[in-house]
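K.L.:
what follows is a predicted protein model with its sequence.
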Amino acid sequence: MLTTLASRGLIKLELTRALRNRKFLFFSVLYPSLLFLLIAGSASTTEKIGGTGLTLPTYMMVSMASFGALTAVLMGNSERIAKERESGWVRQLRLTTLPGRGYVLAKTASAAVVSLPSIVIVFVLAALVKDVRLDAWQWLALTGAIWAGSLVFAALGVAIGYLASGDAVRPVTMIVYFGLSMLGGLWMPTTTFPQWLQDIARWLPTHAYASLGRAIEQSRAPHTTDLLVLAVSFALFAGGAAWLYRKDTLKA
């Protein structure tokens with residue numbers, strides 16, 4: 001009972017902190033929408049991107065919604081965890097009834113709540129400004145798939161938070177963040193890449209992540225390869241986060 005109350009209390013605290021952080025809200029909620037308008041604002045609503053059957057606005061809608069969710073769960077988790085470890089806050093929490101999984105759950109829940117508006121705002125802009133039209137089930141499936149898929153990167157954020165020190169966590173996170181975003185095709189279609197880079201991109205979790213959304217837009221089942229890449233990535237990131245958490249606990 002006490003453990004449950006402690007977990008709920010920390011989740012509420014994390015949500016409050018995330019929603020009060022204006023800088024974090026800008027980059028995770030508004031920044032992806034602004035990028036969508038910048039990239040797709042003047043693009044044709046009828047011309048299709050080669051090899052996809054999608055217009056640029058439709059294609060970039062999924063990319064920027066995925067990018068926004070990635071920003072919220074990856075940037076939000078890694079930096080806060082690393083700095084709280086360094087300040088001693090995590091050590092103090094270990095003296096309470098809160099289990100380790102409760103701490104990780106609170107971080108993930110707060111980031112996930114912030115990631116949902118970033119997805120929805122991109123969708124609304126795409127529909128209103130670029131006249132993107134999908135069936136109701138596609139809008140719902142897109143929202144659920146992108147939101148659920150962000151857990152892969154939430155686990156990565158936790159792992160980086162326990163791997164890097166407070167001073168090193170930002171550059172490490174930024175390298176991973178921009179590398180996955182650009183090479184995974186979230187900022188531009190991977191069909192514009194050289195063939196050797198396309199071969200690398202299709203094995204990245206960000207590429208598989210956005211491909212789930214595009215499969216829904218195309219009314220087809222997702223590729224098995226994309227599902228496997230996401231499943232393996234989640235297992236590796238979550239396993240690494242758990243191992244690093246236990247290692248950090250033993251040092252404390």
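P.N.:
Nice, I can see it. Numbers count the residues shown, from 1 in each chain.
K.L.:
where does pLDDT dip in the stretch 151-252 of the chain?
P.N.:
For the stretch 151-252 of the chain, applying pLDDT under 70 flags the ranges 249-252.
K.L.:
hmm, try it at 90
P.N.:
For the stretch 151-252 of the chain, the stretches flagged by pLDDT under 90 are 151, 154-155, 157-159, 161-170, 185, 187-193, 219, 221, 237-252.
K.L.:
can you show me the helices along it?
P.N.:
Taking DSSP state H, counting those that start in this stretch as the test, the helices found in the stretch 151-252 of the chain are 151-163, 169-183, 195-201, 205-217, 224-251.
K.L.:
which of those is buried the deepest?
P.N.:
helix 151-163 (a mean of 26; mean count of other C-beta atoms under 10 Å). Placement of C-beta: from N, CA and C, glycine included.
K.L.:
and the angle for that helix with helix 224-251?
P.N.:
30 degrees (axes from the mean of the first three to the mean of the last three C-alpha atoms, to 10 degrees).
K.L.:
so for the protein, the centremost residue is which one?
P.N.:
Leu70 (2.0 Å; C-alpha atoms, centre = their mean).
K.L.:
now for it: which residues touch it?
P.N.:
150, 153, 177, 180-181, 186, 206, 209 (C-beta atoms under 8 Å, 6 or more residues apart in numbering).
K.L.:
if we go to 6 Å?
P.N.:
Contact partners of Leu70, counting by C-beta atoms under 6 Å, 6 or more residues apart in numbering, are Phe153.
K.L.:
do Thr58 as well
P.N.:
132, 217.
K.L.:
cool, and the one 5 residues further on?
P.N.:
Remark: with contacts taken as C-beta under 6 Å, 6+ apart, Ser63 is in contact with 186, 210.
K.L.:
what score does it have for pLDDT?
P.N.:
For Ser63, the pLDDT comes out at 92.
K.L.:
any idea how far it is from Asp248?
P.N.:
34 Å (C-beta to C-beta, to the nearest Å).
K.L.:
can you check Ala242 too?
P.N.:
11 Å.
K.L.:
could you do Ala72 as well?
P.N.:
Counting by C-beta to C-beta, the gap from Ala72 to Asp248 is 23 Å.
K.L.:
please apply the same query to Leu70.
P.N.:
Counting by C-beta to C-beta - Leu70 and Asp248 are separated by 24 Å.
K.L.:
do Tyr59 as well
P.N.:
Where Asp248 is concerned, Tyr59 sits at a distance of 41 Å (C-beta to C-beta).
K.L.:
and for Leu180?
P.N.:
Using C-beta to C-beta, Leu180 is found at 24 Å from Asp248.
K.L.:
same check on Arg133?
P.N.:
Distance, Arg133 to Asp248, using C-beta to C-beta: 49 Å.
K.L.:
same question, Leu183
P.N.:
Counting by C-beta to C-beta, the gap from Leu183 to Asp248 is 29 Å.
K.L.:
please report phi then psi for Thr55.
P.N.:
Reported as degrees, to the nearest 10, the phi and psi values for Thr55 are phi -70, psi 160.
K.L.:
now swap in Gly184 and tell me
P.N.:
phi -80, psi 0.
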